[in-house]
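Undergrad: what's the 3D shape of this:
(one chain, ligands or ions: 1)
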Amino acid sequence: MMDSSKLPIRHFINSYRFLSNFYEKELFYLENGKFKSAEHAYQSTKARHFHDFEMIKMAETPEKAKCLGKKVELRKDWPFIRTQVMLNIIRRKFKDKDLREQLLNTGDADLIEGNKWHDNFWGVCLCHACRNLYPGPQNNLGKILMLVRDEAREEEEWLKDAEPDATGFPH
Ligand SMILES: [Zn+2]
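TA: Sure, this is the predicted structure:
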């Protein structure tokens, strides 16, 4: 049981679907509103115009949000802020108690968004051509998830230590 958690998680599907940005759960991801998925939050944030932001935010599915995100005019600073935006969204996503617990349950497993759509920035494309790319894949979403997992674990440990002990140490 303990050892199996050390195996890398390369596919955000089935019981690991919650790691995907396409996982749908209505949450407050950002200060600017409520989003149906991390993908909705990420894609809408890239929009330069408010009406585009609103349109993407309201998209029926994460797939549609992603598709719309490719069509809108981008914020000028987008390339420079997108990684930080993603980190903020993922931090917000895993404030959810249930999701946080699931994330912590992945232990020390490497988290890698394996894909077939040649995304080597956020994940790792598993196609033959991408396998020989130099430099190699960056797996930035995986790295963000692991960072947020470390933060969550540290916080849990800190809270445990801060709680009163059995002798009834007062608050
Ligand atoms: Zn590829």
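Undergrad: going forward, measure contacts and count neighbours with C-alpha atoms only.
TA: Fine.
Undergrad: Please, where are all the strands along this structure?
TA: Under the criterion DSSP state E, the chain contains strands at 24-30, 33-37, 114-115, 124-125.
Undergrad: and among these, the most buried is which?
TA: strand 124-125 (a mean of 23; mean count of other CA atoms under 10 Å).
Undergrad: got the contact list for that one?
TA: 112-119, 131, 137-139 (CA atoms under 8 Å, 6 or more residues apart in numbering).
Undergrad: show me the contacts for N132.
TA: The contact partners of N132, by CA under 8 Å, 6+ apart, come to none.
Undergrad: Mark which of the contacts of strand 124-125 are buried, thanks.
TA: Listed as buried from the contacts of strand 124-125 are 112-115, 118-119, 137, 139; burial here means 16 or more other CA atoms under 10 Å.
Undergrad: list the contacts for Q138?
TA: 120-124.
Undergrad: Return the per-residue confidence for it.
TA: You'll see Q138 listed with a pLDDT of 96.
Undergrad: what do you get for I89?
TA: Reported pLDDT for I89: 94.
Undergrad: So which of the contacts of Q138 is surrounded by the most neighbours?
TA: Within the contacts of Q138, most neighbours by other CA atoms under 10 Å means V124, with 25 neighbours.
Undergrad: Spatially nearest residue to it, not counting backbone neighbours?
TA: G114 (4.9 Å; CA to CA, 6 or more residues apart in numbering).
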